[in-house]
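Novice: what follows is a predicted protein model with its sequence.
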Amino acid sequence: MTEFSLASYANKPLAECTELELFNALLSLTKDAAAEKGYNQGKKRLYYISAEFLIGKLLSNNLINLGLYDQVRAELAEAGRDLAELEEFENEPSLGNGGLGRLAACFLDSCATLGLPASGVGLAYHCGLFRQSFDKNKQYESPDYWLRWGQESWMRRTPKHYTVNFGDLSVTSTMYQIDVTGYHSQCDTLNLFDVDTVDERVIKNRINFDKSQVAKNLTLFLYPDDSDEAGRILRVYQEYFMVSNAAQLMLDECVERGSNLHDLAQYAAVQINDTHPTMVIPELIRLLGERGIGFDEAVSIVRDTCAYTNHTILAEALECWPLGFIERVAPQLVPIIEQLDAFVRGQYEDDFVQVIDKWQNVHMANIDIHFSHSVNGVAALHTKILEDSELAPFYKIYPEKFNNKTNGITFRRWMVECNPGLNKLVSGKIGEGWKTDAEQLEQLLPLADDPAFLAQLDQVKRANKQTFAAWLAAHQGTVVDPDSVFDVQSKRLHEYKRQQLNLLWAIRKYQRLQMLEADELPKHKVTVIFGAKAAPAYTIAKDIIHAIICLGKVIEADPVASKYLQVVMIENYNVTAAQHLIPAADISEQISLASKEASGTSNMKFMLNGAITLGTMDGANVEIADLVGEDNIYTFGESSDEVIARYKRGDYNPRSYYEKDEELAAAVDFLTSDAMLAQGDATNLNRLHDELLNKDWFMTFPDFADYCTTKAQVLKDYEDREAWQRKALVNISKAGYFSSDRTIAQYEKDIWHLR
Ligand code: NBG
C-alpha cells in the first residue's frame, strides 16, 4: 500500500499554501487513495436513482473512510495547519433537501462499505436547493453556488455523454462522478448528469429565473418552484433527463458486463427512490424496444429489474403529472404509458389503481407499483399504513410485492465524524468493532450502572454543547448558553412535522414565566433550537419560520424571561449544521402528527448521539420506543389509528379545543399580540393564527395539552443528571438497529440480490 503524504501533492511547503491550494492537494490525495482501494465490481450492479443526494461535506468523511484522517491531520499540524480550517473552507454540496436525500447518501456509504457494486444516479444541480438567510425575521432564498470557482471539485467530469431527446429540443448530457468511499473498504460512485449549456446568467433576482429556456436552466435548481405551470413542466424535464441518462448508462454498462438484455435483471437492480425517477420504467421499455425486444417481454424484464421505495403517505406528495406535460417533454413515452394504462385497465376496474385517470393525469406511484417487483415503506408503521389504508387496493392485488425496510443512518458520519468525543469514549470501552457491526454498541449497556462512565458521558455532552455554541456564534452571531437544556427540532419545515406545536409550547412557557414567582422559576434555562428550510412557495411554512424568529426576539427583549428561555432558528440548516448540532442536543423533538412521518431519520441520529426523544408514536419513533423501553423515551399524543379515524370522520374542529383550553387559546392568540406585531409582519402572523384556528389540518391542538405535560416531565427529569445520562446510554446502546448497514443488508437480501 502506498504511503500517502500530503506534502507530495503540494508544490510548495504546506505551511505556505493557501487554503485553496491545500484543499486541492487533499482532493488529489483522496482521489488517488480511493483509486488504490479500488471499486466494487460484480456481474450485477445496483442503480440507485434519486432526485436528491444530500451527501454533506466529503473531506473528513473520505479521509476517515480511507483510514487517512489521523495521518493527514498530523501532517497538517506539523506544518502549523489545522484540518478544521479546511473542513470549514470546503463548501457543502447542495444536491438534496431533507431526509430522503440524506438517506440516499447514507445508503451509498453502506453499499460501498458492504462491498456491494452500486451507482447512485442523479443530477448535478448548479445551485442546489437554495441558500436560506433571514432578513426582517423572514426566510429569503438565494442560489447556493456551492461549486466554488478555482476549487477542484469532488465531481469529476467524465467523457460519457448521452443524447436526451425532448419533444422540442434535444440535449447532450455530460456525466460527472463523485467517489463514494466505503469505510475501510472499496468504493462505489455517484453519477451526476448535467448539460454544458446550462447558464447561471438566466437567474434574475434571488432564485427566480427564466423558466422557458430549458437548455439553459435544466440543472440549475433542485425542486424548482412548482407554483406555476412552467415550474412544474421543468420538473418533468429534469425527471426525464435524469432517468433517460440512467437508463442509457445502465444498458451500456450491462451490455459491457455481458448482458444480452433479455437477462437484464441478472445484471442490474434499479431502486426508484420515491416517484421522481418513475419514468425510468417506460424509458427502459422504450429503449429495450429499440433494441429489438417486444413490448410484453420488455415489461417483464423491467419489472424484474425495478423496485420502488415509497417515502410518504401525504397524498399531495405522490406525484401526478398531466399526460400533456409528458407529451411535451417526452412524447416518445406517451404511447408506452398508454399501453401500460391499457394493460392495467384490462385487468382491474378500480379507478384508484389506474395509471391514467379520467382527467388524463398520470399517477407515477401507480406505474411504480404495477411495473416493479418490490414496493417498500421505510418504517414498520409506515409500511403497515401503506398496506392497510393508503395503498390498500394495491396491497390486495400484490401482497407479495410489499415489504418494509426501516431506514438507517451511517454511523461513520453520524458518530465517528461528527462526535469525536463520544466516538473516543465508546471505542475506549468496547473497541472499534461497532463501526461496522453496529449492534456491538449493546456492549455498553452494563455501563448504565457505572456512575463514573455516566459522568464521562455528561462531560462529552457538555463539551459538544460548548463547541456548538461557538460554531453558532461564528455562523450567525447568536449566543446560546451551553449550561441550558438544548431542546432541538431540526428537519424540513412542514405542518405535519408540527414545528408549530413546539412554537406554541414556547409561547406558553414564556407566558408562564411572566406569571411565576421568583421561587418557582426553573433551575435550567431551556434553549429551543430550530433548524429548517421551508419550500419557497409554501406560505404557511414560511409564516411559521417568521413566528419562531419573532418569538425569539420578543423573549430576548424580556430581561426576566430571557434568563430562562431562548428560542433560536439556525440559518441555512444543512448537513454541516446538523453535524454540529446533533451531538450537542439533549432533547430530540420528533413530534409529527401520528401516521404522517414515514420514518424520520434525525430521530436515529439524535438517539445515537445520546439525546432523548420526545415524540409521537409515528414513523421510526415506534421502533425506537420498542428498543429503548418506555423509561428511556417520552411519548405523547393521539395514536395513528385515532388520527386516521379522525380524518375519516372529517369532524375535526380546532375551535372546539381552543374554546375549551384557556392556555392553548392564550398561546394561539399571542401570535397576533402587540409584542409579536412589534417584531413581525401582521399579514404573516394573522394568516398563521387563522390557519391554526380555522383549519389546523395536522391537528396540533388535540395533542397540545399532552405535549405540554410530557415536556414538563422531560424537563423535570433532566435535573437528575445521572438518571438522564443513564437514559442517554440506553439510547446509544440500542441505536445499532438503525445503522444503514443493517438496512442495506436487508435490501440486498430481499430485493437486489447483487451477490
Ligand atoms: C421523507 C419522509 C421521512 C423519511 C425520509 C426518508 C420525503 C418525500 N420523504 O419521514 O418524510 O425519513 O423520506 O425515507 O422526503
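Specialist: Good, I have the coordinates. Residues are numbered from 1 along each chain as shown.

Novice: tell me the pLDDT of residue 212.
Specialist: According to the model's per-residue confidence, residue 212 sits at a pLDDT of 86.

Novice: pretty sure it sits against residue 230.
Specialist: Yes - contact status for residue 212 versus residue 230: in contact at 6.8 Å, counting by C-beta atoms under 8 Å. From N, CA and C alone the C-beta is placed, and that goes for glycine too.

Novice: ok, these two, which is more surrounded?
Specialist: Neighbour comparison, residue 212 and residue 230: the larger count goes to residue 230, with 14 against 11 (by other C-beta atoms under 10 Å).

Novice: am I right that that one is in contact with residue 211?
Specialist: Yes - under the contact definition of C-beta under 8 Å, residue 230 touches residue 211, with a separation of 3.8 Å.

Novice: buried ones in the strand ranked longest in the chain?
Specialist: With DSSP state E applied, the strand covering the greatest number of residues in the chain is identified as strand 170-181. Using 16 or more other C-beta atoms under 10 Å as the burial criterion, the residues of strand 170-181 that qualify are 171, 173, 174, 175, 176, 177, 178, 179, 180, 181.

Novice: one more: stretch 461-468?
Specialist: Taking 16+ other C-beta under 10 Å as the basis for neighbour counts, the residues of stretch 461-468 that come out buried are 461, 463, 464, 465, 467, 468.

Novice: mind putting these into JSON lines with distance to the ligand, pLDDT and secondary structure?
Specialist: Supplementary listing: those in JSON lines, determined by distance: C-beta to the nearest ligand atom, whole Å; pLDDT from 0 to 100; DSSP: H, G, I helix; E, B strand; the rest coil:
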{"residue": "461", "distance to the ligand": "25", "pLDDT": "98", "secondary structure": "helix"}
{"residue": "463", "distance to the ligand": "29", "pLDDT": "98", "secondary structure": "helix"}
{"residue": "464", "distance to the ligand": "24", "pLDDT": "98", "secondary structure": "helix"}
{"residue": "465", "distance to the ligand": "26", "pLDDT": "98", "secondary structure": "helix"}
{"residue": "467", "distance to the ligand": "27", "pLDDT": "98", "secondary structure": "helix"}
{"residue": "468", "distance to the ligand": "23", "pLDDT": "98", "secondary structure": "helix"}
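
Novice: which of those sits closest to residue 328?
Specialist: Ranking the buried residues of stretch 461-468 by separation from residue 328, with C-beta to C-beta as the measure, puts residue 468 on top at 48.4 Å.

Novice: distance of the residue lying closest to residue 721 once chain neighbours are set aside from residue 372?
Specialist: Nearest in space to residue 721, with sequence neighbours left out and distances taken as C-beta to C-beta, 6 or more residues apart in numbering, is residue 458 at 5.9 Å. As for residue 458, its distance to residue 372 is 48 Å (criterion: C-beta to C-beta, to the nearest Å).

Novice: which one's more surrounded, these two?
Specialist: residue 372 (25 against 16).

Novice: ok, now which ones touch the more buried one?
Specialist: The neighbours of residue 372, taking C-beta atoms under 8 Å, 6 or more residues apart in numbering as the test, are 272, 281, 303, 306, 307, 308, 401.

Novice: ok so the fifth one is a strand residue?
Specialist: Yes - counting by DSSP: H, G, I helix; E, B strand; the rest coil, one finds residue 307 located in a strand.

Novice: use 15 as the first number from now on
Specialist: Okay, using 15 as the starting number, the last item reads as residue 321.

Novice: for the ligand, what are the nearby residues on the stretch 65-214 of the chain?
Specialist: Within reach of the ligand by C-beta under 6 Å from any ligand atom, the stretch 65-214 of the chain has these residues: 112, 113, 114, 117.

Novice: could you look up the SS state of the third one?
Specialist: By that I understand residue 114. Going by three-state DSSP, the state assigned to residue 114 is helix.

Novice: what's the local residue count around it?
Specialist: 25.

Novice: got a pLDDT number for it?
Specialist: In this model, residue 114 carries a pLDDT of 97.

Novice: doesn't residue 287 make contact with it?
Specialist: Yes - contact between residue 114 and residue 287 holds when scored by C-beta under 8 Å: they sit 7.0 Å apart.

Novice: find residues that contact each of the two.
Specialist: Common contacts of residue 114 and residue 287 (C-beta under 8 Å, 6+ apart): 64, 66, 325.

Novice: could you see whether the ligand lies near stretch 291-301?
Specialist: No - using C-beta under 6 Å from any ligand atom, we find that stretch 291-301 stays clear of the ligand, coming within 12.9 Å at best.

Novice: residues in contact with that stretch?
Specialist: With C-beta under 8 Å, 6+ apart as the criterion, stretch 291-301 contacts 63-65, 253-254, 256-258, 260-262, 264-265, 284, 286, 309, 312-313, 315-316, 319-320, 322, 333, 340, 344, 346-347, 350-351, 354, 378-379, 381-382, 385-386.

Novice: related to what we said a few turns ago, any of the contacts of residue 386 buried? List them.
Specialist: A residue is treated as buried here by neighbour count (16+ other C-beta under 10 Å); on that basis the buried members of the contacts of residue 386 are 286, 295, 317, 320, 321, 322, 415.

Novice: residues from the stretch 215-364 of the chain in reach of the ligand?
Specialist: Taking C-beta under 6 Å from any ligand atom as the measure of proximity, the stretch 215-364 of the chain contacts the ligand at 288, 325, 326, 331.

Novice: again, 8 Å this time
Specialist: Residues of the stretch 215-364 of the chain lying close to the ligand (C-beta under 8 Å from any ligand atom) are 288, 323, 325, 326, 328, 331.

Novice: can I have the buried ones of those residues as a PyMOL selection?
Specialist: To isolate the buried subset of those in PyMOL, counting by 16+ other C-beta under 10 Å, use the following:
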select buried, resi 288+323+325+326
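
Novice: would JSON lines of the residues of the stretch 215-364 of the chain next to the ligand with distance to residue 423, pLDDT and secondary structure be doable?
Specialist: Listed next are these as JSON lines, based on distance: C-beta to C-beta, whole Å; pLDDT from 0 to 100; DSSP: H, G, I helix; E, B strand; the rest coil:
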{"residue": "288", "distance to residue 423": "18", "pLDDT": "97", "secondary structure": "coil"}
{"residue": "323", "distance to residue 423": "16", "pLDDT": "98", "secondary structure": "strand"}
{"residue": "325", "distance to residue 423": "15", "pLDDT": "98", "secondary structure": "coil"}
{"residue": "326", "distance to residue 423": "19", "pLDDT": "95", "secondary structure": "coil"}
{"residue": "328", "distance to residue 423": "22", "pLDDT": "89", "secondary structure": "coil"}
{"residue": "331", "distance to residue 423": "22", "pLDDT": "80", "secondary structure": "helix"}
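
Novice: need the max-distance pair from the residues of the stretch 215-364 of the chain next to the ligand.
Specialist: By the measure C-beta to C-beta, 323 and 328 form the most distant pair in these, at 15.3 Å.

Novice: how about the residues of the stretch 515-664 of the chain by the ligand?
Specialist: Within the stretch 515-664 of the chain, the residues that sit near the ligand (C-beta under 8 Å from any ligand atom) are 606, 611, 612, 613, 614, 615, 633, 634.

Novice: the contacts of stretch 291-301 in helices, which ones?
Specialist: If you go by DSSP state H, the contacts of stretch 291-301 have 253-254, 256-258, 260-262, 264-265, 309, 312-313, 315-316, 319, 340, 350-351, 354, 378-379, 381-382 in helices.

Novice: buried only: go through those residues for me.
Specialist: 253-254, 256-258, 260-262, 264-265, 309, 312-313, 315-316, 319, 340, 350-351, 354, 378-379, 381-382.
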